[in-house]
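Trainee: Below are the sequence and a predicted model; questions follow.
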Amino acid sequence: MNLGQKKILLGLTGGIAAYKVADLCRQLVKAGAEVKVVMTKGAKAFITPLTMQALSGNPVHDDLLDPRAEAAMGHIELAKWPDLIVIAPASADFIARSTAGMADDLLATLCVATAKPIALVPAMNQQMWANKATQANMQTAATRGFHIWGPASGDQACGDVGFGRMLEPTEIAHKVDAFFNYKPLKNQKWVITAGPTVEKIDPVRYLTNRSSGKMGYSIAQAAAKLGAKVTLVSGPVALDVPSSVELVPVQSAQEMLDAVKTATEKSDVFVACAAVSDYRAKNISEQKMKKQAESGLTIELEQNPDILHWVASNQKCYSVGFAAETQNVNEYAQAKMQRKGIQMICANDVSRSDIGFGSDQNELKVFYQSENELKMKHFEPQAKVMLAEKLVEFISKIKTEN
Ligand code: C5P
């Protein structure tokens, strides 16, 4: 483990696992990190600031409105100081407050005031973890780019058994090390398409679809986190651009193709996650089309270019497609893989409302060529952000093997 020169702000909230964070602090300092500790009122009920001060070698910050602390290091300055904020243990209450953007104590305020990465290390009773509100908060945290480490499953201090245990200090320390030092995709260029396309009919109307872009954005975020240089070519969506990802915003399929042609030159991996409109209006009306009294309206459509097929036929990168199907998912996905000439396809069943389009969850069957054989890997239903991380690692592994 090498954390030399790294500045880590360690935030403790109220939970019995707080006592283990003394050991985490010691491990981080031993690995070379400079650690500053912030404690909530609840945390101080479980472990003393003096312990954390002795282990971190720095005074503990615990009060938003303490004039002395503000004079020494204001909360804004403290928010700018770290390379990484680790909140361990992160209680259900703290997760709720921080995902709601509340700033009612020093630690929550820091989370609102910082532009630095934040890792949440949840620790709570299994029932509190399973609670729908907690799960929805975790989902929000994940889509906002918080790193989520754990929880683990097992015996709990209260006597229950299940998910909610904080990761052990050594595991958390390794996550911190990996955050800074595990960059297996360094020197690789990934291009990802995401979201819907928008095909104009006239100046006010267009053809589009229900793609939210969540899967593509999560893949972009995951690849960037592992060190890849990422270009995200995206149709209009209501999502934040993940940090250190280059966004190329587009509207139509033709614009997406043009942007992809440039972006995929010298790229290593292309992931086509966008829901590209199959058709576009043959003639776009310059003026708003008027309602005609009796007759219906016929709009002549022509086919859009197939972006994925173009990349697979013209560029050298490893190409991955998505197949959104409502029936015969396996057969259609495999046929699509052959037709497009790609090495991997991720199939999902969009007829289900709990996964796929618009949902935060997804389940995938990934078909891929390996050693001249067609193989399949199943990714269980899970949050798209988590799934994306596993998928990016998987693509990288299979690409390297072939
Ligand atoms: O042909 P179909 O739309 O079912 O294929 C889906 C896959 O192909 C997705 O990966 C999608 O991003 C990609 N695609 C594309 N250009 C199109 C149509 C689909 O890149 N015109």
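Mentor: In hand now; what should we look at?

Trainee: and stretch 225-243, which residues are buried?
Mentor: Judged by neighbour count using 16 or more other CB atoms under 10 Å, the buried positions of stretch 225-243 are 225-235, 237, 239, 242. Any C-beta I mention is one placed from the backbone N, CA and C, and that applies to glycine too.

Trainee: Tell me which two of those residues sit farthest apart.
Mentor: Pairwise distances across the buried residues of stretch 225-243 (CB to CB) peak at 26.4 Å, for the pair 227 and 235.

Trainee: From what I see, residue 90 and residue 123 are in contact.
Mentor: Yes: between residue 90 and residue 123 there is a contact under CB atoms under 8 Å: 6.7 Å.

Trainee: Can you add distance to the ligand, pLDDT and secondary structure and give the buried residues of stretch 225-243 back as JSON lines?
Mentor: Shown next, in JSON lines, are the buried residues of stretch 225-243 (distance: CB to the nearest ligand atom, whole Å; pLDDT from 0 to 100; DSSP: H, G, I helix; E, B strand; the rest coil):
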{"residue": "225", "distance to the ligand": "22", "pLDDT": "90", "secondary structure": "helix"}
{"residue": "226", "distance to the ligand": "21", "pLDDT": "93", "secondary structure": "coil"}
{"residue": "227", "distance to the ligand": "24", "pLDDT": "94", "secondary structure": "coil"}
{"residue": "228", "distance to the ligand": "19", "pLDDT": "97", "secondary structure": "coil"}
{"residue": "229", "distance to the ligand": "21", "pLDDT": "98", "secondary structure": "strand"}
{"residue": "230", "distance to the ligand": "16", "pLDDT": "98", "secondary structure": "strand"}
{"residue": "231", "distance to the ligand": "15", "pLDDT": "98", "secondary structure": "strand"}
{"residue": "232", "distance to the ligand": "13", "pLDDT": "98", "secondary structure": "strand"}
{"residue": "233", "distance to the ligand": "10", "pLDDT": "98", "secondary structure": "strand"}
{"residue": "234", "distance to the ligand": "12", "pLDDT": "98", "secondary structure": "strand"}
{"residue": "235", "distance to the ligand": "11", "pLDDT": "98", "secondary structure": "coil"}
{"residue": "237", "distance to the ligand": "14", "pLDDT": "96", "secondary structure": "coil"}
{"residue": "239", "distance to the ligand": "17", "pLDDT": "90", "secondary structure": "coil"}
{"residue": "242", "distance to the ligand": "19", "pLDDT": "86", "secondary structure": "coil"}
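
Trainee: and which of those residues is nearest to residue 378?
Mentor: Closest approach to residue 378 among the buried residues of stretch 225-243 (CB to CB): residue 226, at 22.2 Å.

Trainee: ok, the residue lying closest to the closest one once chain neighbours are set aside - how many residues close by?
Mentor: Take residue 226 and drop its neighbours on the chain: the residue closest to it by CB to CB, 6 or more residues apart in numbering is residue 185, 4.3 Å away. Burial of residue 185 is recorded as 23 neighbouring residues (other CB atoms under 10 Å).
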